[in-house]
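[1] Curious how this folds, go ahead:
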Amino acid sequence: MGNRYLAFNFLLDMVGFKYLACSLFIFAAWSPLRIDSKPVAPVSPCDEIQVTYKVKNTTNSQANGELELNFKDKNQTYTSFLFCGDSKNNRLDITETKITALNAGDYNLIIRSKEGCTRHLTIRIK
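    Prediction:
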(Lines give C-alpha, C1' and ligand atoms only; values in the text may rest on other atoms or scores of the structure.)
Protein backbone atom coordinates (compact mmCIF):
# COMPACT_ATOMS: atom_id res chain seq x y z
CA MET A 1 0.00 0.00 0.00
CA GLY A 2 2.89 2.36 0.68
CA ASN A 3 4.20 2.04 -2.90
CA ARG A 4 0.75 2.73 -4.35
CA TYR A 5 0.43 5.83 -2.18
CA LEU A 6 3.83 7.11 -3.31
CA ALA A 7 3.01 6.39 -6.95
CA PHE A 8 -0.35 8.19 -6.63
CA ASN A 9 1.36 11.24 -5.05
CA PHE A 10 3.98 11.24 -7.80
CA LEU A 11 1.21 11.14 -10.42
CA LEU A 12 -0.59 14.07 -8.74
CA ASP A 13 2.67 16.01 -8.60
CA MET A 14 3.26 15.42 -12.32
CA VAL A 15 -0.31 16.44 -13.23
CA GLY A 16 0.09 19.58 -11.09
CA PHE A 17 3.38 20.34 -12.84
CA LYS A 18 1.73 19.96 -16.23
CA TYR A 19 -1.03 22.41 -15.22
CA LEU A 20 1.58 24.83 -13.92
CA ALA A 21 3.62 24.59 -17.13
CA CYS A 22 0.47 25.04 -19.23
CA SER A 23 -0.60 28.06 -17.15
CA LEU A 24 2.82 29.67 -17.52
CA PHE A 25 2.75 29.08 -21.27
CA ILE A 26 -0.70 30.68 -21.59
CA PHE A 27 0.38 33.63 -19.42
CA ALA A 28 3.48 34.17 -21.56
CA ALA A 29 1.46 33.95 -24.77
CA TRP A 30 -1.12 36.53 -23.64
CA SER A 31 1.25 38.76 -21.72
CA PRO A 32 1.31 42.48 -22.65
CA LEU A 33 5.08 42.14 -23.09
CA ARG A 34 4.71 40.28 -26.36
CA ILE A 35 6.87 41.14 -29.33
CA ASP A 36 4.01 42.90 -31.10
CA SER A 37 3.57 45.39 -28.23
CA LYS A 38 4.10 49.05 -29.01
CA PRO A 39 7.58 50.32 -28.15
CA VAL A 40 8.02 52.51 -25.10
CA ALA A 41 8.79 56.15 -25.82
CA PRO A 42 12.39 57.08 -25.00
CA VAL A 43 12.91 59.01 -21.79
CA SER A 44 14.38 62.45 -22.25
CA PRO A 45 17.49 63.12 -20.17
CA CYS A 46 17.04 65.11 -16.98
CA ASP A 47 18.78 68.35 -16.21
CA GLU A 48 20.52 68.22 -12.85
CA ILE A 49 18.43 69.77 -10.10
CA GLN A 50 20.60 72.61 -8.84
CA VAL A 51 20.03 73.17 -5.16
CA THR A 52 22.01 74.39 -2.18
CA TYR A 53 20.97 73.89 1.41
CA LYS A 54 21.59 75.40 4.81
CA VAL A 55 21.38 73.37 8.04
CA LYS A 56 20.46 74.70 11.46
CA ASN A 57 21.57 72.12 14.03
CA THR A 58 19.52 71.20 17.08
CA THR A 59 20.04 72.73 20.50
CA ASN A 60 19.69 71.00 23.87
CA SER A 61 18.73 67.66 22.21
CA GLN A 62 15.43 69.10 21.04
CA ALA A 63 13.71 68.51 17.71
CA ASN A 64 14.41 72.04 16.53
CA GLY A 65 16.79 71.42 13.64
CA GLU A 66 16.03 73.03 10.31
CA LEU A 67 16.88 72.49 6.68
CA GLU A 68 16.46 75.30 4.18
CA LEU A 69 16.61 74.54 0.44
CA ASN A 70 17.57 77.13 -2.17
CA PHE A 71 16.78 76.10 -5.76
CA LYS A 72 18.53 77.83 -8.65
CA ASP A 73 15.45 77.57 -10.89
CA LYS A 74 12.88 79.56 -8.93
CA ASN A 75 10.15 78.91 -11.53
CA GLN A 76 10.29 75.12 -11.21
CA THR A 77 8.21 73.28 -8.62
CA TYR A 78 9.79 70.49 -6.60
CA THR A 79 8.55 67.89 -4.18
CA SER A 80 10.93 66.55 -1.55
CA PHE A 81 10.97 63.40 0.54
CA LEU A 82 13.01 63.29 3.74
CA PHE A 83 13.95 59.91 5.20
CA CYS A 84 15.79 59.07 8.39
CA GLY A 85 16.37 55.91 10.42
CA ASP A 86 13.09 56.35 12.30
CA SER A 87 10.06 55.97 10.03
CA LYS A 88 7.80 58.10 12.25
CA ASN A 89 10.06 61.09 11.51
CA ASN A 90 10.04 60.64 7.72
CA ARG A 91 8.50 63.52 5.79
CA LEU A 92 6.76 62.90 2.50
CA ASP A 93 5.48 65.24 -0.20
CA ILE A 94 7.27 68.34 1.09
CA THR A 95 6.64 71.35 -1.15
CA GLU A 96 8.11 74.04 1.12
CA THR A 97 11.74 75.12 0.95
CA LYS A 98 12.14 75.19 4.74
CA ILE A 99 11.81 71.98 6.74
CA THR A 100 11.59 72.48 10.50
CA ALA A 101 11.29 70.52 13.75
CA LEU A 102 13.98 68.01 12.82
CA ASN A 103 15.79 65.74 15.28
CA ALA A 104 19.54 65.29 15.20
CA GLY A 105 20.58 62.53 12.80
CA ASP A 106 21.44 61.53 9.27
CA TYR A 107 18.84 62.19 6.59
CA ASN A 108 18.34 61.24 2.96
CA LEU A 109 16.62 63.94 0.97
CA ILE A 110 15.12 63.01 -2.39
CA ILE A 111 14.06 65.96 -4.53
CA ARG A 112 11.77 65.37 -7.51
CA SER A 113 10.89 67.84 -10.25
CA LYS A 114 7.47 67.88 -11.93
CA GLU A 115 9.09 66.05 -14.89
CA GLY A 116 10.08 63.18 -12.59
CA CYS A 117 13.81 63.97 -12.42
CA THR A 118 15.38 63.37 -9.03
CA ARG A 119 18.33 64.42 -6.92
CA HIS A 120 19.57 62.67 -3.78
CA LEU A 121 21.32 64.46 -0.93
CA THR A 122 22.67 63.03 2.32
CA ILE A 123 22.42 65.53 5.16
CA ARG A 124 23.54 65.38 8.80
CA ILE A 125 21.89 67.46 11.47
CA LYS A 126 23.77 67.62 14.76
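[2] Just give the number of residues close to residue 55.
    By other Cβ atoms under 10 Å, 14 other residues sit near residue 55. For the C-beta atoms, the positions are set from N, CA and C on the backbone; glycine is no exception.
[3] Next, it: secondary structure please.
    Of the three states, residue 55 takes strand according to DSSP: H, G, I helix; E, B strand; the rest coil.
[4] Show me what it is bridged to.
    Beta-bridge partners recorded for residue 55 (DSSP bridges): residue 67.
[5] And it, what's its pLDDT?
    Note for residue 55: predicted pLDDT of 93.
[6] For residue 113, see how far away it is.
    22 Å (Cβ to Cβ, to the nearest Å).
[7] and if you look at residue 84?
    Taking Cβ to Cβ, one finds residue 84 at 23 Å from residue 113.
[8] Likewise for residue 87?
    25 Å.
[9] Between these two, which has more neighbouring residues?
    Set side by side, residue 87 and residue 113 show more neighbours around residue 113, with 17 against 7, by other Cβ under 10 Å.
[10] Point out where the protein drops to low pLDDT.
    Applying pLDDT under 70 to the chain flags residues 1-43.
[11] domains in it, as residue ranges please.
    Here the domain parsing of the chain from automatic domain parsing is 1-35, 51-125.
[12] Please give me every residue in contact with residue 76.
    By Cβ atoms under 8 Å, 6 or more residues apart in numbering, residue 76 lies in contact with 113-114.
[13] ok but it is inside a strand, no?
    No: assignment of residue 76 by three-state DSSP gives coil, placing it outside any strand.
[14] how close does it get to residue 88?
    30 Å.
[15] same thing with residue 108?
    In terms of Cβ to Cβ, residue 108 sits 16 Å off from residue 88.
[16] Those two: who's more crowded?
    Taking other Cβ under 10 Å, residue 108 and residue 88 do not tie; residue 108 has more neighbours (14 against 5).
[17] Pretty sure the more buried one sits against residue 119.
    No: Residue 108 is beyond contact range of residue 119, at 11.3 Å (criterion: Cβ atoms under 8 Å).
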